[in-house]
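**Student:** can't give you the sequence, but here's the structure:
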(Lines give C-alpha, C1' and ligand atoms only; values in the text may rest on other atoms or scores of the structure.)
Protein backbone atom coordinates (compact mmCIF):
# COMPACT_ATOMS: atom_id res chain seq x y z
CA UNK A 1 0.00 0.00 0.00
CA UNK A 2 2.73 2.42 0.99
CA UNK A 3 4.72 1.45 -2.08
CA UNK A 4 1.78 2.35 -4.33
CA UNK A 5 1.23 5.73 -2.65
CA UNK A 6 4.90 6.66 -2.83
CA UNK A 7 5.10 5.47 -6.44
CA UNK A 8 2.21 7.74 -7.42
CA UNK A 9 3.73 10.57 -5.42
CA UNK A 10 7.06 10.33 -7.24
CA UNK A 11 5.52 9.75 -10.70
CA UNK A 12 3.38 12.91 -10.50
CA UNK A 13 6.49 15.01 -10.22
CA UNK A 14 5.64 16.54 -6.86
CA UNK A 15 9.17 16.04 -5.64
CA UNK A 16 10.72 18.26 -8.28
CA UNK A 17 12.65 17.43 -11.45
CA UNK A 18 9.60 15.57 -12.78
CA UNK A 19 10.12 12.70 -10.38
CA UNK A 20 13.61 11.86 -11.69
CA UNK A 21 16.45 11.18 -9.27
CA UNK A 22 14.78 12.74 -6.27
CA UNK A 23 13.23 11.63 -3.01
CA UNK A 24 9.90 12.63 -1.55
CA UNK A 25 10.29 15.38 1.06
CA UNK A 26 8.78 13.20 3.78
CA UNK A 27 11.62 10.67 3.39
CA UNK A 28 14.44 13.15 2.96
CA UNK A 29 17.26 12.59 5.43
CA UNK A 30 20.05 15.15 5.42
CA UNK A 31 23.43 13.65 4.69
CA UNK A 32 25.36 16.32 6.57
CA UNK A 33 24.90 18.32 9.73
CA UNK A 34 26.91 20.71 11.87
CA UNK A 35 29.22 19.81 14.71
CA UNK A 36 30.79 22.75 16.49
CA UNK A 37 30.11 25.05 13.54
CA UNK A 38 31.66 22.83 10.86
CA UNK A 39 29.67 20.59 8.50
CA UNK A 40 30.39 16.87 8.67
CA UNK A 41 28.97 14.16 6.45
CA UNK A 42 27.78 11.11 8.33
CA UNK A 43 24.83 8.78 8.23
CA UNK A 44 21.99 9.32 10.61
CA UNK A 45 22.21 7.28 13.80
CA UNK A 46 20.18 4.13 14.27
CA UNK A 47 17.83 5.56 16.89
CA UNK A 48 16.98 8.67 14.91
CA UNK A 49 19.06 10.95 17.11
CA UNK A 50 22.03 12.61 15.52
CA UNK A 51 25.21 12.08 17.43
CA UNK A 52 26.06 15.64 18.33
CA UNK A 53 29.28 15.84 20.25
CA UNK A 54 29.78 17.60 23.53
CA UNK A 55 32.25 20.46 23.57
CA UNK A 56 34.38 19.12 26.40
CA UNK A 57 34.62 15.37 26.01
CA UNK A 58 33.61 14.53 22.43
CA UNK A 59 31.06 11.87 23.35
CA UNK A 60 27.54 11.70 21.94
CA UNK A 61 25.19 13.89 23.96
CA UNK A 62 22.83 10.98 24.45
CA UNK A 63 25.12 9.58 27.17
CA UNK A 64 24.62 10.94 30.65
CA UNK A 65 27.63 12.50 32.29
CA UNK A 66 28.00 12.72 36.06
CA UNK A 67 25.12 14.16 38.03
CA UNK A 68 25.49 17.85 38.57
CA UNK A 69 24.29 19.54 41.69
CA UNK A 70 21.10 21.52 41.29
CA UNK A 71 22.68 24.35 43.24
CA UNK A 72 26.49 24.34 42.85
CA UNK A 73 26.88 27.38 45.13
CA UNK A 74 24.94 25.77 47.99
CA UNK A 75 26.25 26.58 51.44
CA UNK A 76 27.59 23.58 53.36
CA UNK A 77 27.10 23.93 57.09
CA UNK A 78 29.85 23.58 59.67
CA UNK A 79 28.33 20.35 60.95
CA UNK A 80 28.30 18.82 57.45
CA UNK A 81 31.96 19.74 56.98
CA UNK A 82 33.17 18.46 60.36
CA UNK A 83 30.98 15.43 61.16
CA UNK A 84 33.49 13.02 59.60
CA UNK A 85 36.19 14.29 61.97
CA UNK A 86 34.03 14.63 65.10
CA UNK A 87 32.57 11.13 64.77
CA UNK A 88 35.25 9.37 62.75
CA UNK A 89 34.08 5.77 63.14
CA UNK A 90 30.97 4.25 61.56
CA UNK A 91 29.32 0.92 62.11
CA UNK A 92 28.24 -1.07 59.08
CA UNK A 93 25.99 -4.12 59.41
CA UNK A 94 25.12 -6.52 56.61
CA UNK A 95 22.66 -9.35 57.17
CA UNK A 96 21.85 -11.88 54.47
CA UNK A 97 19.95 -15.14 54.54
CA UNK A 98 23.15 -17.08 55.18
CA UNK A 99 25.41 -14.91 57.34
CA UNK A 100 25.79 -11.74 59.44
CA UNK A 101 28.69 -9.32 59.01
CA UNK A 102 29.53 -6.14 60.94
CA UNK A 103 32.48 -3.76 60.73
CA UNK A 104 33.68 -0.49 62.18
CA UNK A 105 35.27 1.80 59.59
CA UNK A 106 37.21 5.03 59.90
CA UNK A 107 35.41 7.65 57.78
CA UNK A 108 38.36 9.76 56.75
CA UNK A 109 40.81 7.01 55.81
CA UNK A 110 38.16 4.39 54.86
CA UNK A 111 40.07 1.69 56.74
CA UNK A 112 38.27 -1.06 58.58
CA UNK A 113 39.31 -1.00 62.20
CA UNK A 114 37.36 -4.03 63.43
CA UNK A 115 35.50 -6.74 61.53
CA UNK A 116 33.38 -9.64 62.73
CA UNK A 117 31.12 -12.01 60.87
CA UNK A 118 29.61 -15.45 61.12
CA UNK A 119 31.70 -16.62 58.15
CA UNK A 120 34.93 -16.29 60.13
CA UNK A 121 36.48 -19.50 61.45
CA UNK A 122 36.36 -18.64 65.16
CA UNK A 123 32.64 -17.85 65.17
CA UNK A 124 31.52 -20.39 62.55
CA UNK A 125 32.52 -23.41 64.65
CA UNK A 126 30.78 -22.23 67.82
CA UNK A 127 27.36 -21.41 66.31
CA UNK A 128 24.62 -23.85 65.33
CA UNK A 129 23.14 -21.32 62.89
CA UNK A 130 24.88 -18.39 61.18
CA UNK A 131 21.92 -16.08 60.67
CA UNK A 132 19.69 -16.11 63.75
CA UNK A 133 19.50 -13.78 66.77
CA UNK A 134 22.14 -15.63 68.88
CA UNK A 135 24.53 -15.34 65.90
CA UNK A 136 23.86 -11.58 65.76
CA UNK A 137 24.61 -11.29 69.49
CA UNK A 138 27.88 -13.22 69.03
CA UNK A 139 28.93 -10.98 66.11
CA UNK A 140 28.25 -7.88 68.24
CA UNK A 141 30.30 -9.29 71.13
CA UNK A 142 33.29 -10.18 68.92
CA UNK A 143 33.13 -6.81 67.13
CA UNK A 144 33.14 -4.94 70.46
CA UNK A 145 36.18 -6.91 71.67
CA UNK A 146 38.11 -6.20 68.48
CA UNK A 147 37.13 -2.51 68.55
CA UNK A 148 38.41 -2.16 72.11
CA UNK A 149 41.70 -3.76 71.06
CA UNK A 150 41.97 -1.05 68.37
CA UNK A 151 41.16 1.72 70.95
CA UNK A 152 37.78 2.54 69.43
CA UNK A 153 35.10 3.27 72.03
CA UNK A 154 32.52 5.26 70.06
CA UNK A 155 30.94 4.87 66.64
CA UNK A 156 27.88 6.09 64.76
CA UNK A 157 25.36 3.98 62.89
CA UNK A 158 22.89 5.00 60.20
CA UNK A 159 20.77 2.15 58.82
CA UNK A 160 20.56 1.69 55.08
CA UNK A 161 17.42 2.88 53.33
CA UNK A 162 15.96 -0.60 53.01
CA UNK A 163 16.82 -1.66 56.58
CA UNK A 164 14.58 -1.16 59.58
CA UNK A 165 16.15 -0.77 63.00
CA UNK A 166 14.61 -3.88 64.49
CA UNK A 167 15.19 -7.59 64.85
CA UNK A 168 18.65 -8.80 63.90
CA UNK A 169 20.13 -5.35 63.26
CA UNK A 170 18.94 -4.12 66.63
CA UNK A 171 20.39 -7.28 68.26
CA UNK A 172 23.84 -6.58 66.78
CA UNK A 173 23.79 -2.93 67.90
CA UNK A 174 22.47 -3.80 71.37
CA UNK A 175 25.17 -6.44 71.80
CA UNK A 176 27.86 -3.91 70.90
CA UNK A 177 26.41 -1.37 73.37
CA UNK A 178 26.24 -4.04 76.11
CA UNK A 179 29.94 -4.73 75.58
CA UNK A 180 30.93 -1.12 76.40
CA UNK A 181 31.13 0.47 72.92
CA UNK A 182 29.07 3.65 72.62
CA UNK A 183 26.98 3.65 69.44
CA UNK A 184 25.05 6.72 68.27
CA UNK A 185 22.15 5.59 66.12
CA UNK A 186 20.85 8.12 63.58
CA UNK A 187 17.34 7.29 62.35
CA UNK A 188 15.95 9.52 59.63
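**Tutor:** Arrived safely, thanks for sending. In this text, all values refer to a predicted model and were calculated from it rather than measured experimentally.
**Student:** what segments of this protein are strands?
**Tutor:** 32-35, 38-41, 89-95, 100-106, 112-117, 154-157, 182-185 (DSSP state E).
**Student:** highest mean neighbour count out of those strands?
**Tutor:** Among the strands of the chain, strand 100-106 has the highest mean neighbour count (mean count of other C-beta atoms under 10 Å), at a mean of 21. Quick note: C-beta positions are derived from backbone N, CA and C, even for glycine.
**Student:** which residues are in contact with it?
**Tutor:** Under the contact criterion C-beta atoms under 8 Å, 6 or more residues apart in numbering, strand 100-106 has outside partners 88-95, 111-119, 130-131, 135-136, 139-140, 143, 147, 150, 152, 155, 168, 172, 176.
**Student:** over to stretch 113-127?
**Tutor:** 89, 99-106, 130-131, 134-135, 138-140, 142-143, 146-147, 149-150, 152.
**Student:** what do you get if the cut-off is 7 Å, keeping everything else the same?
**Tutor:** Contact partners of stretch 113-127, identified using C-beta atoms under 7 Å, 6 or more residues apart in numbering, comprise 89, 99-106, 130, 135, 138-139, 142-143, 146-147, 150, 152.
**Student:** want to throw the strands of the chain into TSV with mean pLDDT?
**Tutor:** As requested, these are exported to TSV (pLDDT from 0 to 100):
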stretch	mean pLDDT
strand 32-35	48
strand 38-41	50
strand 89-95	96
strand 100-106	96
strand 112-117	96
strand 154-157	94
strand 182-185	92
